[in-house]
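>>> Model the structure of this input:
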Amino acid sequence: MFIAFRQAIKSLFANPVRTGLTTLGIVIGVATVILVLSAGAGFRSLINNQVEKSGSNLVEVQTKVPQATKARSAAGAAMSRASSPVAVTTLKNRDILDIKRVPNVIGAYGVVLTQKVASYRDTVKNALVYGAGAERFNIDKNTLKEGRFYTLEEDNAASQVVILGSQIADDLFGQEDPLGKLVKVGDLNFQVIGVYDSMGGFGGMEDQALFMPLVTTQKKLMGIDYMTVVVAQMSNSDLGEATALDIAATLRRNHGITNPDKDDFVVQTAASALDTFNTIFNGITILLIAIAAISLIVGGVGIMNIMYVVVTERTAEIGLKKALGAKNSDILNEFLIESILVTVLGGAVGILAGGFLGWVVALIARAGNLAWTFSVPLYAIALGFGVSAAIGISFGVLPARSASKLDPVEAMRYE
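Numbers count the residues shown, from 1 in each chain. The predicted structure is shown next:
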């Protein structure tokens with residue numbers, strides 16, 4: 001076996017260019033698998049960090065279009081291309097008050113979102129406006145770089161005050177202190193009372209947002225009296241599922257809904273949202289690995305073709321070895337080991353390349369202010385080597401067997 005191993009090594013180094021080209025398909029396939037699994041681990045760390053940052057003891061209620069309304073909307077859209085989306089306006093302040101009375105709920109606040117143009121002097125920015133009740137600051141874990149939060153009294157009075165995300169504060173004011181200055185949002189002036197620390201949200205979205213009282217956003221910017229989201233805080237996150245069911249029952253009672261299929265809301269805990277994400281992400285990961293597997297198979301076929309060429313080139317050599325007493329198993333082992341070495345070498349290079357690309361992705365994510373952790377899971381490395389060796393055996397056994405079956409006399413005559 002040692003002699004066969006030595007002969008295989010000698011053959012590979014005798015043709016370095018061909019060896020490199022032969023391993024290329026394996027390198028690409030394994031590198032893709034490692035990159036996908038490494039980036040997946042980093043993305044999971046990002047999601048877990050976001051959940052932990054926002055709080056694993058939160059329940060979120062979002063409006064949704066009931067099924068019956070969806071059907072009517074679809075019929076209307078079929079008749080008119082200009083049909084407008086259906087707005088759900090049933091989530092009101094009364095719902096927040098009743099959600100706060102649900103067992104295990106210790107606080108709740110409403111949220112509305114809109115887009116507005118914000119400007120200061122000659123600087124103009126399109127910004128996401130995040131209107132939220134003042135109780136948010138008893139629940140929200142984000143901290144201010146400077147200034148203060150708005151109060152319940154300012155919220156109820158629809159005061160024109162605003163807290164800036166860290167990035168939009170820099171964009172609008174640069175090195176100037178924004179506190180106390182007036183920022184124009186839409187057609188109204190708002191006094192800056194605070195600036196958030198960098199939140200590190202997806203793509204820095206929260207860092208580029210404006211945060212203002214809920215009632216102010218509803219009445220003065222949007223002209224509505226409803227909310228699109230309610231965030232509730234639980235005292236015991238282990239009771240999340242039961243609490244979500246209690247909140248759903250409360251909202252159905254308030255909205256006069258008897259059939260859960262016609263709910264105009266969705267209640268979701270942080271844990272259930274994470275489960276949903278994991279399910280979707282696992283499916284995407286499997287799909288990407290399946291695509292990478294095509295490259296591995298193509299690489300395996302390439303190795304098999306090259307090994308047949310090698311057998312043909314070394315036919316006379318094989319005949320001489322068999323004439324000198326080499327057994328069929330010796331020839332089989334030599335060519336099979338050569339095939340496995342090619343694929344394992346490709347696997348090793350692919351693991352290093354995939355790990356490097358995963359590290360580059362992590363650097364780019366961190367540059368975008370995302371809490372991305374770089375790692376290459378051990379099971380990814382084991383998978384890379386395991387798949388490489390399996391391909392070497394699977395696609396190398398036929399050429400190796402063909403070489404071992406050659407007749408020594410006929411092989412020595414081959415030119």
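
>>> What count of nearby residues applies to I163?
24 (other CB atoms under 10 Å). From N, CA and C alone the C-beta is placed, and that goes for glycine too.

>>> ok, residues contacting the helix or strand harbouring it?
Using DSSP states H and E, I163 falls within strand 161-164. By CB atoms under 8 Å, 6 or more residues apart in numbering, the residues outside strand 161-164 that reach it are 144, 147, 149-150, 154, 172, 178, 183, 185, 190-196, 210-213, 216.

>>> go again using 6 Å as the cut-off
For strand 161-164, contacts defined as CB atoms under 6 Å, 6 or more residues apart in numbering pick out 150, 154, 190-195, 210-212.

>>> which two of those lie the greatest distance from each other?
E154 and V195 (17.0 Å; CB to CB).

>>> pLDDT at the spatially closest residue to P213 that is not a sequence neighbour, what is it?
Nearest residue to P213, sequence neighbours excluded (CB to CB, 6 or more residues apart in numbering): D155, at 3.9 Å. Here the pLDDT value assigned to D155 is 95.

>>> Checking the closest residue in space to A232 that isn't next to it in sequence next. Helix, strand or coil?
Nearest residue to A232, sequence neighbours excluded (CB to CB, 6+ apart): A108, at 4.1 Å. Look at A108: counting by DSSP: H, G, I helix; E, B strand; the rest coil, its state is strand.

>>> how close does A108 get to H255?
Separation of A108 from H255 (CB to CB, to the nearest Å): 16 Å.

>>> now K64
12 Å.

>>> ditto for A400
Counting by CB to CB, the gap from A400 to H255 is 71 Å.

>>> quick one: average confidence on the helix or strand where I34 lies?
Assigned by DSSP H and E, I34 belongs to helix 16-54. Helix 16-54 shows a mean pLDDT of 79 in the predicted model.

>>> for it, packing partners?
helix 270-313, helix 328-367, helix 378-404 (3 or more CB pairs under 6 Å, 6 or more residues apart in numbering; DSSP states H and E).

>>> Which other helices and strands does the helix or strand that comes right after it contact?
Note on helix 16-54: by DSSP H and E, the next helix or strand toward the C-terminus is strand 58-63. Contact partners of strand 58-63 among helices and strands, from 3+ CB pairs under 6 Å, 6+ apart: strand 229-234, strand 265-269.

>>> Tell me which of those sits most buried.
Highest mean neighbour count among those (mean count of other CB atoms under 10 Å): strand 229-234, with a mean of 23.

>>> List the contacts of the following helix or strand past it.
The helix or strand immediately downstream of strand 229-234 is helix 240-255, counting by DSSP H and E. For helix 240-255, contacts defined as CB under 6 Å, 6+ apart pick out 59, 90, 95, 98-99, 102, 104, 234, 265, 267, 269, 271.
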